[in-house]
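Undergrad: dropping the sequence and predicted coords here.
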Amino acid sequence: MPSNDYGIAVELEGEFGAIREKTIAALKEVGFGLLTEIDAQATIKKKIDKDLEPYSILGFCNPGYAYHGMTNEKDIGLLLPCNVLIRELKPGRFKVTALHPVKMFQIVGRADMMPLAKEVTALLKQAIATLGA
């Protein structure tokens, strides 16, 4: 399976609902709350009547880090919230991927924002790692 260098990922066996709940709990443990959820599978079916494997995009926020980002780079909201994708690879097997903050922050072009991106990356890596444990 092709990989990317802009995500922090783990593959899991299980049922979508259980993996979703486990993902939310793992992110909560490191200070992130769920703000948004896009059920792409249902949306695609409703809008264009096409089938898509289970594919959900969860938007998480850590208020302290978000505040720091928003007060130091006013347009950082364009890159928020922290997206986590849960998608089915095959029946019973899923990939959970968080967008890599360091990779994302490179488009901002401010070296002084990289410590923030590195801290958030460490938290997301910790959360994703617990999913595979």
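TA: That came through, no problem.
Undergrad: contact partners for Leu34?
TA: Applying CB atoms under 8 Å, 6 or more residues apart in numbering, we find Leu34 in contact with 24, 27, 58-60. For glycine as for every other residue, the C-beta is placed from the backbone atoms N, C-alpha and C.
Undergrad: and the longest helix that the chain contains, what other elements does it pack with?
TA: Criterion DSSP state H: the longest helix present in the chain is helix 114-132. If contacts are counted by 3 or more CB pairs under 8 Å, 6 or more residues apart in numbering; DSSP states H and E, helix 114-132 sits against strand 7-13, helix 16-29, helix 63-72, strand 93-99, helix 101-105.
Undergrad: can you add distance to Ala127, neighbour count and pLDDT and give the contacts of Leu34 back as a markdown table?
TA: As requested, the contacts of Leu34 are exported to a markdown table (distance: CB to CB, whole Å; neighbours: other CB atoms under 10 Å; pLDDT from 0 to 100):
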| residue | distance to Ala127 | neighbour count | pLDDT |
| --- | --- | --- | --- |
| Ile24 | 10 | 18 | 99 |
| Leu27 | 5 | 26 | 99 |
| Leu58 | 12 | 22 | 99 |
| Gly59 | 14 | 16 | 98 |
| Phe60 | 9 | 24 | 98 |
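Undergrad: centre of the chain to the helix or strand of the chain with the lowest mean pLDDT, how far?
TA: Here the helix or strand of the chain ranked lowest by mean pLDDT, DSSP states H and E is helix 101-105, holding a mean of 93. Distance, stretch centre to chain centre, for helix 101-105: 12 Å (CA atoms, centre = their mean, to the nearest Å).
Undergrad: please save the CA atoms from it in PDB.
TA: Extracted C-alpha coordinates of helix 101-105, given in PDB (Å, rounded to 0.1, in the frame of the first residue of the first chain):
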ATOM      1  CA  PRO A 101       1.700  19.100  12.000                       C
ATOM      2  CA  VAL A 102       5.400  19.700  11.100                       C
ATOM      3  CA  LYS A 103       4.700  19.000   7.500                       C
ATOM      4  CA  MET A 104       1.600  21.100   7.500                       C
ATOM      5  CA  PHE A 105       3.400  24.100   9.200                       C
END
